[in-house]
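J.: okay, predicted coordinates and the sequence, questions at the end:
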Amino acid sequence: MNLTLRGIGRLLIMSGEPVADAALVVRDGRVAWTGPERSLPADAPAQTLDVGGACVVPGFVDAHTHLLYAGRRREEFVARLAGSAYDGGGIRTTVDATSAATDEELLRLASGRLATAVAHGTTTMEIKSGYGLSVDAELRLLRLIGELAGRTPMRLEATYLGAHVVPAGRRRDDYVDDVVATLPAATAAGARWCDVFCDEGAFTVEDARRILVAARAEGMGLRLHAEELAYTGAAGLAAELGCASADHLEHVSDVDARAMAAAGVVGVLLPTVTLSLRSGAWGHAARLRESGVELALATDCNPGTSWCESMPYAIQLACLAMGLPVDEAFRAATLGSAHALRREDVGHLGFGAWGDCAVLTAEHEADVVAHLGGRAVGTTVVGGVAVADDLKR
């Protein structure tokens, strides 16, 4: 679609410096021009969205979610509030509920979450399987992620997470065999990525190495849940294998953080998880930042440890709890997350990128961080089309 956004008080391009009193031109869904509105090309599209002085940022890129699920984990949440520790066991509760739901129920639930995420400014999202834990059930979830892509304007990236936890009654080694054997079918079902939950009580570093090496041989990109519950050396493995990202990282070591930086592994911060688990583990962001790791932000939307579809809320926590400067948090939620997905066409508003942006309900991005509990996004544009729009033309 073709669209001219006018009246932009402050435009964050991410591929260059912010522009004041700006305009943005989208042609055929792609960014064709950005600059001061006084220099707007004479042939700019007639279809216009006047944002009334608001700040406009690239559409948020949510690089880590478990959006496709059924059921609640209410009892687990209440137990944590009473002092119980999280050990990952609740994942099996979600597996049972997801398995019991019909395809249409799962699509309806996930579509609702996607609509909420779009309203909060997200335009690209990674979605993992992982709530199946059998060959057929995991492939079913990947198929449904593909069907979701036809029900949302959002750009979706599918990840095979067969190695989420070991199913009840299975030997870990035997289940790892199944995960590896399923990789060709997972690729055929649309999975671009392979991920492993490599942590205490889940899969070992050697398990993860075996799965990810096999996934790379199938042409899949590599991601890794790393160091969330305890130090395991998973972040070092991510660096060794050249993973696109290592996610969580609450217990990452200085040595492994430096190795990630040297290998170009993006560190995906999930502050809503730290809040939900009440772990107080906020310091890893500074460790990664000081080591030179490129940072991304994501919601980790899931029913057990991060029931959240809002990237602006993740940005707030990254600033207020993790200590990221506002500009770095917004970069992490856009360009950094795009890099975590190895995408150059989203997360910024440079020439040729997709015309995806979020019109904030503020004149400056810092106001979104400061306004606790407020609505951060008034309009979301995907490919030059306003798909969630409260502005009056």
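T.: Happy to help now that I have it.
J.: residue ranges of each domain in the chain, please.
T.: In terms of domains, the chain is parsed into 3-58+348-389, 60-340 (source: automatic domain parsing).
J.: now the shortest one: how far from the chain's centre is it?
T.: Per Cα atoms, centre = their mean, to the nearest Å, the displacement of domain 3-58+348-389 from the mean C-alpha position of its chain is 21 Å.
J.: can I get the host helix or strand of I211 in CSV, CA atoms only?
T.: Secondary structure here is read from DSSP states H and E; on that basis I211 sits in helix 205-217. C-alpha atoms of helix 205-217 as CSV (Å, rounded to 0.1, in the frame of the first residue of the first chain):
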residue,chain,number,x,y,z
VAL,A,205,24.5,-28.4,26.8
GLU,A,206,25.4,-31.7,25.1
ASP,A,207,21.7,-32.3,24.2
ALA,A,208,21.5,-28.8,22.8
ARG,A,209,24.7,-29.1,20.8
ARG,A,210,23.5,-32.3,19.2
ILE,A,211,20.1,-30.9,18.3
LEU,A,212,21.4,-27.5,17.0
VAL,A,213,24.2,-29.0,14.9
ALA,A,214,21.6,-31.3,13.3
ALA,A,215,19.3,-28.3,12.8
ARG,A,216,22.0,-26.3,11.1
ALA,A,217,22.6,-29.2,8.7
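J.: I'd like the domains of the chain written out as CSV, with mean pLDDT added.
T.: Shown next, in CSV, are the domains of the chain (pLDDT from 0 to 100):
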stretch, mean pLDDT
domain 3-58+348-389, 97
domain 60-340, 96
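J.: JSON lines for those domains, including mean neighbour count?
T.: C-betas here are computed from N, CA, C, even on glycine. Formatted as JSON lines, the domains of the chain follow (neighbours: other Cβ atoms under 10 Å):
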{"stretch": "domain 3-58+348-389", "mean neighbour count": "19"}
{"stretch": "domain 60-340", "mean neighbour count": "21"}
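J.: does V135 really touch V180, like I thought?
T.: No - using Cβ atoms under 8 Å, V135 is not in contact with V180, being 11.2 Å away.
J.: what's downstream of the helix holding I211, the next helix or strand?
T.: Scanning onward from helix 205-217 (DSSP H and E), the first element met is strand 221-226.
J.: what strands line up against that next one, and which way round?
T.: In the sheet, strand 221-226 lines up against strand 193-198 (parallel), strand 245-248 (parallel) (DSSP bridges).
J.: could I get those strands as CSV with distance to R80?
T.: Shown next, in CSV, are these (distance: least, Cβ to Cβ, whole Å):
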stretch, distance to R80
strand 193-198, 19
strand 245-248, 17
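J.: closest one to E37 among the ones you listed?
T.: Nearest to E37 among those is strand 245-248; the distance by Cβ to Cβ comes to 36.8 Å.
J.: give me the contact list for the next helix or strand after that closest one.
T.: As assigned by DSSP H and E, the chain's next helix or strand after strand 245-248 is helix 254-263. Helix 254-263 has contacts (Cβ atoms under 8 Å, 6 or more residues apart in numbering) with 227, 233, 235-236, 238-240, 242, 246, 249, 252, 267, 287-288, 291-294.
J.: can you give the distance of whichever helix or strand comes after helix 254-263 from its chain's centre?
T.: Remark: after helix 254-263, the chain's next helix or strand is strand 266-269, criterion DSSP H and E. How far strand 266-269 lies from its chain's middle: 10 Å, per Cα atoms, centre = their mean.
J.: stretch 273-291 now?
T.: 17 Å.
J.: span of it from start to end?
T.: 22 Å (Cα to Cα, to the nearest Å).
J.: which residues does that stretch contact?
T.: Outside of stretch 273-291, the residues within contact range by Cβ under 8 Å, 6+ apart are 77, 80-81, 86, 227-228, 248-252, 254, 257-258, 260-261, 267, 269, 271, 295, 300, 305-307, 317-318, 321-324, 328.
J.: check stretch 184-195 too.
T.: By Cβ under 8 Å, 6+ apart, the list of residues contacting stretch 184-195 reads 126, 128-130, 135, 138-139, 142-143, 145-146, 157-163, 183, 211-212, 215, 218-225, 244.
J.: at 6 Å instead, please
T.: Stretch 184-195 is contacted by residues 128, 139, 142-143, 146, 157-161, 215, 218, 220-221, 223 when judged by Cβ atoms under 6 Å, 6 or more residues apart in numbering.
J.: please apply the same query to stretch 320-330.
T.: For stretch 320-330, the external contacting residues (Cβ under 6 Å, 6+ apart) are 271, 282, 285, 315, 318-319, 365-366, 369.
J.: got the CA positions of the helix or strand hosting D136 in CSV?
T.: Element membership for D136, per DSSP H and E: helix 135-149. The C-alpha trace of helix 135-149 is given here as CSV (Å, rounded to 0.1, in the frame of the first residue of the first chain):
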residue,chain,number,x,y,z
VAL,A,135,6.3,-35.5,16.8
ASP,A,136,2.7,-35.1,15.6
ALA,A,137,1.8,-32.5,18.1
GLU,A,138,4.8,-30.3,17.4
LEU,A,139,4.2,-30.5,13.7
ARG,A,140,0.6,-29.6,14.3
LEU,A,141,1.7,-26.4,16.1
LEU,A,142,4.0,-25.4,13.3
ARG,A,143,1.2,-26.0,10.8
LEU,A,144,-1.1,-23.7,12.9
ILE,A,145,1.6,-21.0,13.1
GLY,A,146,1.6,-21.1,9.3
GLU,A,147,-2.2,-20.7,9.3
LEU,A,148,-2.0,-17.8,11.8
ALA,A,149,0.1,-15.9,9.2
